[in-house]
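Asker: test case, fold it:
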Amino acid sequence: HPPPLTHASRHPSPLHHTPPHPQVLECEWEDAMRFFIVDKRYGAVRTLAKRMELFAAWQEGRAGEERKERQAAREVAKEAFTAMLLEAKLDKGTEFKRAERQLSADPRWQALEPGLREETYEGAADALRKQEKARRAERQAARQARSDAMVGLLKEQSLSPDAEWAEVRELAGVTGDARWAAMEDDDEREEAWGAYELSRLKEAKQKAKKDFATLLDEQHAAGGIGRKTKWREAQAAVEEDGRFKALKELSADAPPAAFDRWVDEVRERYVRHAKLAKELAVRCGDLTLTLTLTLILTLTLTLTLTL
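Answerer: Prediction:
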């Protein structure tokens with residue numbers, strides 16, 4: 001049920017409403033009375049002491065509300081100010097005075113109190129650094145994408161292993177492609193050529209290693225080498241094979257290093273297989289024992305029944 005109406009609730013005090021003049025918030029009681037004494041609700045509060053008490057409480061509450069409102073507006077202005085700085089894409093080293101000359105006409109600059117502009121500008125340094133880092137990463141990603149596309153274009157040309165950049169850059173199939181035009185300049189194109197050569201070398205090395213590993217597997221299957229074989233012994237067995245020569249031509253250290261990895265893999269396989277064989281032997285032994293006991297019990301029962 002709603003509470004019963006009192007005299008005060010039937011006639012709300014004008015002190016519970018925002019006074020008609022904003023200056024009343026700063027007034028003393030004697031000066032403030034003239035703004036609401038003529039209001040018929042003024043009489044809802046019977047005593048002067050109560051009226052003064054309510055007025056003081058209202059002033060305190062309203063002052064707190066206005067402080068919150070100003071703070072909220074200030075935070076909104078600071079956020080808009082920071083957003084403006086980020087949109088301007090300023091460098092992290094840009095001085096405040098230079099930023100002021102560039103942005104002072106922007107309404108978001110003017111909306112922030114003058115005393116807070118430089119402080120907010122300095123506070124936005126972290127955001128500017130993050131933005132600059134993101135821009136660098138974006139530029140690098142775009143550059144890498146262009147380079148990858150250019151490398152793909154070069155791979156499509158089926159170039160000979162001894163092709164030179166001076167010759168390649170004159171090929172119509174290269175210069176007429178959109179991926180060539182997308183590069184920023186000749187330096188970036190030549191950099192992509194270097195990436196292409198590294199890619200081609202890496203692919204050739206991977207293929208040579210794979211072919212050499214196949215050669216070692218063939219020798220192992222034939223009984224020529226094994227997990228205890230030394231490199232010198234293995235080299236004597238494979239040095240006439242073209243797959244050994246191809247890998248050695250790419251790197252003199254590659255064949256022995258590849259052999260060492262191959263031996264490690266063979267040894268690991270041997271350990272795994274030995275462990276599995278041992279486990280299988282134990283299982284077979286348990287099975288044999290079980291069958292033997294079953295046979296003995298069966299014979300004993302048969303003899304007992306016979307006797």
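
Asker: excluding its backbone neighbours, what's nearest residue 111?
Answerer: residue 77 (4.8 Å; C-beta to C-beta, 6 or more residues apart in numbering). For glycine as for every other residue, the C-beta is placed from the backbone atoms N, C-alpha and C.

Asker: would you agree the one you found is in contact with residue 112?
Answerer: Yes. Using C-beta atoms under 8 Å, residue 77 is in contact with residue 112, at 4.5 Å.

Asker: joint contacts of those two?
Answerer: Here residue 77 and residue 112 have no joint contacts, going by C-beta atoms under 8 Å, 6 or more residues apart in numbering.

Asker: picking up where we left off before, mean confidence for the helix or strand harbouring the residue nearest to residue 111?
Answerer: Using DSSP states H and E, residue 77 maps to helix 48-88. Averaging pLDDT along helix 48-88 yields 82.

Asker: quick check: which helices or strands does that helix pack against?
Answerer: helix 29-36, helix 96-103, helix 107-111, helix 114-123, helix 125-156 (3 or more C-beta pairs under 8 Å, 6 or more residues apart in numbering; DSSP states H and E).

Asker: dump these into JSON lines; add distance to residue 250 and mean pLDDT as well.
Answerer: Converted to JSON lines, those look like this (distance: least, C-beta to C-beta, whole Å; pLDDT from 0 to 100):
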{"stretch": "helix 29-36", "distance to residue 250": "94", "mean pLDDT": "71"}
{"stretch": "helix 96-103", "distance to residue 250": "55", "mean pLDDT": "84"}
{"stretch": "helix 107-111", "distance to residue 250": "61", "mean pLDDT": "89"}
{"stretch": "helix 114-123", "distance to residue 250": "56", "mean pLDDT": "83"}
{"stretch": "helix 125-156", "distance to residue 250": "19", "mean pLDDT": "88"}
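
Asker: secondary structure class for residue 94?
Answerer: coil (DSSP: H, G, I helix; E, B strand; the rest coil).

Asker: out of the helices and strands packed on helix 48-88, flag the one nearest residue 83.
Answerer: helix 107-111 (7.3 Å; C-beta to C-beta).

Asker: from the chain's centroid, how far away is the helix holding residue 77?
Answerer: With C-alpha atoms, centre = their mean, to the nearest Å as the basis, helix 48-88 stands 39 Å off its chain's centre.

Asker: repeat for stretch 219-228
Answerer: Between the centre of stretch 219-228 and the centre of its host chain there is 48 Å, according to C-alpha atoms, centre = their mean.

Asker: and that stretch, what's buried?
Answerer: 219-220, 225 (16 or more other C-beta atoms under 10 Å).

Asker: closest one of the residues you listed to residue 83?
Answerer: Nearest to residue 83, judged by C-beta to C-beta, of the buried residues of stretch 219-228 is residue 220 at 67.4 Å.

Asker: now the closest one. Nearest residue, chain neighbours left out?
Answerer: Using C-beta to C-beta, 6+ apart, the closest residue to residue 220 is residue 226 (6.3 Å).

Asker: list the contacts of residue 267.
Answerer: Contacts of residue 267 by C-beta under 8 Å, 6+ apart are residue 227.

Asker: and the helix or strand hosting it, average pLDDT?
Answerer: Of the helices and strands defined by DSSP H and E, residue 267 is found in helix 254-306. Across helix 254-306, the average pLDDT comes to 73.

Asker: for stretch 176-196, same thing?
Answerer: Per-residue scores along stretch 176-196 average to 94.

Asker: all set, thanks.
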